[in-house]
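Chemist: no FASTA, just this:
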């Protein structure tokens, strides 16, 4: 399976500011995804990060609030913009279609724990 | 639309006893089904998947799951639980007819294995 790292691992931010989370994979992957896990809850897909084109957002998530970049096949960023306490969550990057891995299963990064004051 | 239900918020079991974590799903087409485990302050780890073929799939750490199409279920099982199995378990589904490889997760089941 691919080795996935995320930076930062955690952060405490003030409301109204923005935070950019990085996701780095040790091999080229076909698909990259960003999820949110609110405290005590399940995972919700924010968007699919498309290489070389705009991300595909799920219902309830918009580009102005969660801009995403994916400049190549191993790297993506998620920005949480104009943060409020409701954005306090764990943000997870996942990948599918890594070199040497079968399709269909997603592998997850360690997550970024965000607290907004 | 695709959805997953994990009817139990928490499962308590004594070490050495069998462990079952329940999952039912709903998809319009045929499902791909997955189990993940999340340990405290860590990301999700893939346990096993059902894509096609044998209804009983075996995965990591001695876990297995049985796909039951008539009951639309994919329960996770382990014959003899360990204290170290205490974690949060998520079932997920993908409709193979849906575009975008979207995974939908259940609400999670916390497993507590007592010594």
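Modeler: Done, it's in. Given the structure is predicted, the values throughout are model-derived calculations rather than measurements. Numbering: from 1, shown residues only, chains lettered A, B, ... in the order given.
Chemist: Show me where chain B dips below the pLDDT cut-off.
Modeler: B:99 (pLDDT under 70).
Chemist: try 90 this time
Modeler: Scanning chain B for pLDDT under 90 picks out B:1-2, B:28-30, B:40-43, B:51-54, B:95-103.
Chemist: How about chain A?
Modeler: Short version for chain A, where the test is pLDDT under 90: A:1-3, A:27-31, A:39-41, A:50-54, A:96-106.
Chemist: Those residues of it touching chain B, which are they?
Modeler: A:1, A:4, A:31, A:33, A:41-45, A:48, A:56, A:58, A:92, A:94, A:96, A:104-111, A:113 (CB under 8 Å from any CB of the partner chain). Where C-beta positions appear, they are placed from N, C-alpha and C, glycine not excepted.
Chemist: Which of these fall in strands?
Modeler: If you go by DSSP state E, those have A:4, A:31, A:33, A:43-45, A:48, A:56, A:92, A:94, A:96, A:107-108, A:113 in strands.
Chemist: out of the residues you listed, which one sits closest to residue B:21?
Modeler: Lowest distance from residue B:21 to those (CB to CB) belongs to residue A:43, with 16.4 Å.
Chemist: need the contact list for the most centrally placed residue in chain A.
Modeler: Chain A has residue A:34 as the residue nearest its centroid, 3.2 Å off, counting by CA atoms, centre = their mean. Shown in contact with residue A:34 (CB atoms under 8 Å, 6 or more residues apart in numbering or on different chains): A:23, A:45-47, A:49, A:66, A:68, A:76, A:78, A:91-94.
Chemist: Pipe these into JSON lines and attach distance to residue B:61 and neighbour count per row.
Modeler: Below are the contacts of residue A:34 laid out as JSON lines (distance: CB to CB, whole Å; neighbours: other CB atoms under 10 Å in any protein chain shown):
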{"residue": "A:23", "distance to residue B:61": "26", "neighbour count": "26"}
{"residue": "A:45", "distance to residue B:61": "26", "neighbour count": "20"}
{"residue": "A:46", "distance to residue B:61": "29", "neighbour count": "24"}
{"residue": "A:47", "distance to residue B:61": "31", "neighbour count": "22"}
{"residue": "A:49", "distance to residue B:61": "30", "neighbour count": "23"}
{"residue": "A:66", "distance to residue B:61": "34", "neighbour count": "19"}
{"residue": "A:68", "distance to residue B:61": "33", "neighbour count": "24"}
{"residue": "A:76", "distance to residue B:61": "29", "neighbour count": "26"}
{"residue": "A:78", "distance to residue B:61": "30", "neighbour count": "27"}
{"residue": "A:91", "distance to residue B:61": "26", "neighbour count": "22"}
{"residue": "A:92", "distance to residue B:61": "21", "neighbour count": "26"}
{"residue": "A:93", "distance to residue B:61": "23", "neighbour count": "28"}
{"residue": "A:94", "distance to residue B:61": "20", "neighbour count": "25"}
